[in-house]
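> Build the 3D model from these lines:
(one chain, ligands or ions: 1)
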Amino acid sequence: MIEKSGFHVPNRIARYMIVTLQDLMGENGLNAVLRRGGLPDFQTILPADDMQNAFDFADYSAICAAVADTYGPRGAKVFMIRAGKAGFLNGIQSFLDNYGASIAATGKLVPLSFKLPLFLRWISKTYTESSDRVISVKDMGDHYLYINHRCPVCWGRKVTAPDCHITLGFLQEATHFISMGSNFHIHQVSSIAAGDKSCDFVVPKHPVQNT
Ligand SMILES: [Zn+2]
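Got it, this is the predicted structure:
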């Protein structure tokens, strides 16, 4: 077990991840993963469906580690990307309620060059304010860098290659949404658990061209 961190994500964010993993693996499958990670079973670890900032980074990272240990890097990547996408889709209503209704409604009239950075900055601000994650977005000229300075996936872990796939899936779905259906070749270039200062994701300014 990883020692408790004192840093938290909102219960609902952790709940989306756990419920999605349960959908994909079944309750028995997920319980086997949790057992392997020395964690309580599905019913016990599942937090309340609320936005209280109370799910410890250590538990979050222990779940990610247990999935990686059980399924290997490739298998875990598939599961965690799905969990990240589901996390975005489940959380998008609050975006529309709080901020994005006008952007979503005007659709194609607002250019992507305007919407994309605004949306990435809104996500980083919302996550930083609502949890103990610390996120920033940098304009690097031909791409944006989405930087997680304090990452719940990496907490207390050591990995050989960056594997914050849940964030990757989240960003894939978020950019798909804001561009009204385009795909972006997003990739992770550094990770705290791999010894870097932060978990950085390259988000191209332009989507993949459909050929
Ligand atoms: Zn990370």
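
> The residue lying closest to residue 189 once chain neighbours are set aside: neighbouring residues, count only.
Spatial nearest neighbour of residue 189, excluding adjacent residues (Cβ to Cβ, 6 or more residues apart in numbering): residue 200 at 5.0 Å. In this view, the C-beta of every residue, glycine as well, is placed from N, C-alpha and C. Residue 200 has 20 neighbours, counted by other Cβ atoms under 10 Å.

> Quick check, residue 200 in contact with residue 188.
Yes. Applying Cβ atoms under 8 Å, one finds residue 200 in contact with residue 188, separated by 7.0 Å.

> which ones are touching the residue nearest the centre of the chain?
Against the mean C-alpha coordinate of the chain, by Cα atoms, centre = their mean, the closest residue is residue 167 at 2.8 Å. If you count contacts by Cβ atoms under 8 Å, 6 or more residues apart in numbering, residue 167 has them with 84, 146, 148, 151, 153, 188, 199, 201.

> and these, which of them are in helices?
Among the contacts of residue 167, the ones falling in helices (DSSP state H) are residue 84.

> Pull out the buried members of the contacts of residue 167.
Among the contacts of residue 167, those classed as buried by 16 or more other Cβ atoms under 10 Å are 84, 146, 148, 151, 153, 188, 199, 201.

> Kindly confirm my reading that residue 123 is in a helix.
Yes. Under DSSP: H, G, I helix; E, B strand; the rest coil, residue 123 falls within a helix.

> For it, the count of nearby residues, please.
For residue 123, the neighbour count with other Cβ under 10 Å is 20.

> my read: it touches residue 174, true?
Yes. Residue 123 lies in contact with residue 174 (Cβ under 8 Å); the separation is 6.3 Å.

> ok, back up a step: per-residue confidence at the residue nearest to the centre of the chain?
pLDDT recorded at residue 167 is 98.

> For my notes, confirm it occurs in a helix.
Yes. Membership of residue 167 in a helix is supported by three-state DSSP.

> got the contact list for stretch 67-81?
Stretch 67-81 has contacts (Cβ under 8 Å, 6+ apart) with 21, 24-25, 32-33, 36-37, 64, 159, 161, 163, 165-166, 168-169, 172.

> Would you mind listing what in this protein touches the ion?
The chain has residues 151, 153, 154, 164, 191, 199 near the ion, with proximity defined as Cβ under 5 Å from the ion.

> Can you lay out the buried ones among the contacts of residue 167 as JSON lines showing distance to residue 130?
Below are those laid out as JSON lines (distance: Cβ to Cβ, whole Å):
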{"residue": "84", "distance to residue 130": "17"}
{"residue": "146", "distance to residue 130": "17"}
{"residue": "148", "distance to residue 130": "14"}
{"residue": "151", "distance to residue 130": "15"}
{"residue": "153", "distance to residue 130": "17"}
{"residue": "188", "distance to residue 130": "22"}
{"residue": "199", "distance to residue 130": "18"}
{"residue": "201", "distance to residue 130": "19"}
